[in-house]
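Asker: let me see the structure of the following:
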Amino acid sequence: MALLRPLGFVWLVLGSLLPAGCGRSHIAADGDGDADADADSDADSDVDSDVDSDVDSDVDTDADTDTDAGTDPYDPWRADCVRMCDFLEECGWGSEEADNCRNQCERGAMIVSLVECMVDVVARGSCLNLDDCFRPMDPGECAPLCEFVDSCEIRDWSGGGCAKECSANPWPKAFADCVQLARAAAECNDLLACLWPPAADGYCENLCRLTVECGFGEGETEEECLARCDPFAPEFLSVCIADAKGCDDLIGCIAGPPPRELCEDVCRLRAGCHGWSGDEENACVDECAGIGGLGVTGCLEGAVSAEDCFAADACFGDVDGPPAGYCADACAFEEFDCLLDPGENCEVICDAGGQPPEFYECRQSTIDAGDCDGYLECAG
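Answerer: Numbering: from 1, shown residues only. Model (predicted):
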């Protein structure tokens, strides 16, 4: 299921963790590298030695106070994940890095093997133990581990550059150890379980149904798709796909939310335009993280680049689709006039919209003029 494996995101998460320094040296809360800075007094509260514990006092594994089994597969580790980020902040991380870490926890997108490893470190309460989880692996191990990754057909790690990325940015010990165990067992599902929690109920079924219906499966049947579906995914992705009703929804799920840095940039722009308070700007960033979909990232990037408050505001509302008839004209123009390959889903993707009116006006004028070079130069 290469189409929907968001594993390039692995490098984003791992990259956001390692450069902060936790895996490079011992860091205490006062930043001087000694052992006199412990975690706060409740760091080991409600934490035991396994990641399957929740934080309430009932007998199930969800985060509420009743005794039902619950349906959220992320409850068992979300609280541990946030505690990990809190602990890392106390051990010298900046508040921005810690906030980004907590954001990944809330989205169900933090690397599970790191969370599992850090449960014990947080319980012990010493920053000196961070190396148990974050010490960079030996780069010499990248080649055999990435050979296993490739054998699992997980090739969208940085465009298929697993070994290159791993050598340049060695994985933290917790993740590398988990991959090593998966390799020894020759279990690709174990590899995925190092990354993400179990996917939401209905994820594979809905993914495969829509993949076939929307023509994304390269001739694969629904049964073949189900046989190869990996039942692990970041929460934001698996819940989105499990709830998707049609092709546009599926495309929107794949597009995912905008990068947090982009959200911060566009919300800073909007705050300056509207005279917002800091709380209002922060609320904008939170809202931005939930408006993922096809065209949204491009919309935000365009608004920031142009410093256009109106365009930025428009990105947070309903994104207008293209003019009537435009998509059919554009897809036919690409294929028959410009001799390009627009793909069999050209019109489906085009209909999702997400471009400013000027883009469609530019494209339509070049279509009318038969100008392929001008068509490709229209900014979007």
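Asker: can you list the domains in the protein?
Answerer: 1-192, 203-254, 260-315, 326-377 (automatic domain parsing).
Asker: did I read that right, Ala324 in a strand?
Answerer: No: applying DSSP: H, G, I helix; E, B strand; the rest coil, one finds Ala324 to be coil, outside a strand.
Asker: for it, what are phi and psi?
Answerer: Dihedral angles of Ala324 (phi, psi; degrees, to the nearest 10) stand at phi -60, psi 130.
Asker: and the gap between it and Ala332?
Answerer: Distance, Ala324 to Ala332, by Cβ to Cβ, to the nearest Å: 15 Å. Glycine gets a C-beta too; all of them are placed from N, C-alpha and C.
Asker: who has more neighbours out of these two?
Answerer: The residue with more neighbours, out of Ala324 and Ala332, is Ala332; 14 against 7, by other Cβ atoms under 10 Å.
Asker: is the more buried one in a helix, a strand, or coil?
Answerer: helix.
Asker: distance of it from Ile367?
Answerer: With Cβ to Cβ as the criterion, Ala332 and Ile367 are 9 Å apart.
Asker: what does Gly298 give?
Answerer: 20 Å.
Asker: count of residues packed around Cys208?
Answerer: 22.
Asker: repeat that for Gly108.
Answerer: Gly108: 24 neighbours (other Cβ under 10 Å).
Asker: in contact with it, which residues?
Answerer: Tyr74, Arg78, Trp196, Pro197, Pro234, Glu235, Phe236, Ser238, Val239 (Cβ atoms under 8 Å, 6 or more residues apart in numbering).
Asker: report how many residues lie close to Asp131.
Answerer: There are 18 residues near Asp131, going by other Cβ under 10 Å.
Asker: just checking, it touches Lys173?
Answerer: Yes: with contacts counted by Cβ atoms under 8 Å, Asp131 reaches Lys173, the gap being 7.4 Å.
Asker: just the element for Glu97, please.
Answerer: Assessed by DSSP states H and E, Glu97 sits inside helix 95-106.
Asker: my read: Asp80 touches Val115, true?
Answerer: Yes: counting by Cβ under 8 Å, Asp80 sits close enough to Val115 to count as a contact (5.5 Å).
Asker: are we agreed that Asp131 is in a helix?
Answerer: Yes: under three-state DSSP, Asp131 falls within a helix.
Asker: thinking Val296 is in contact with Phe316, fair?
Answerer: No: using Cβ under 8 Å, Val296 makes no contact with Phe316, being 9.2 Å away.
Asker: which of these two has more neighbours?
Answerer: Using other Cβ under 10 Å as the criterion, Val296 and Phe316 rank with Val296 on top: 22 against 18.
Asker: the helix holding Glu97 packs against which elements?
Answerer: On a contact count with 3 or more Cβ pairs under 8 Å, 6 or more residues apart in numbering; DSSP states H and E, helix 95-106 meets helix 8-17, helix 75-90.
Asker: of those, which shows the lowest average pLDDT?
Answerer: For the helices and strands packed on helix 95-106, the weakest mean pLDDT is recorded on helix 8-17, namely a mean of 45.
Asker: which of the contacts of Gly108 has the most neighbours?
Answerer: Going by other Cβ under 10 Å, Ser238 tops those with 28 neighbours.
Asker: return the residues in contact with that residue.
Answerer: Ser238 is in contact with Gly108, Trp196, Ala199, Ala200, Tyr203, counting by Cβ under 8 Å, 6+ apart.
Asker: how about the helix or strand containing Ala311, which residues are buried there?
Answerer: Taking DSSP H and E as the criterion, Ala311 maps to helix 309-315. Neighbour-count burial for helix 309-315 flags Ala311, Ala312, Ala314, Cys315 (criterion: 16 or more other Cβ atoms under 10 Å).
Asker: before we move on, what about stretch 263-272?
Answerer: Applying a neighbour-count criterion of 16+ other Cβ under 10 Å, one finds Cys263, Glu264, Asp265, Val266, Cys267, Arg268, Leu269, Arg270, Ala271 buried in stretch 263-272.
Asker: off-centre distance for that stretch?
Answerer: 21 Å (Cα atoms, centre = their mean, to the nearest Å).
Asker: what's the weakest-modelled helix or strand in this structure?
Answerer: The helix or strand of the chain with the lowest confidence, counting by mean pLDDT, DSSP states H and E, is helix 8-17 at a mean of 45.
Asker: returning to what we had before: quick one: which of the contacts of Ser238 is nearest Cys188?
Answerer: Cys188 has its nearest neighbour among those in Trp196, at 13.2 Å by Cβ to Cβ.
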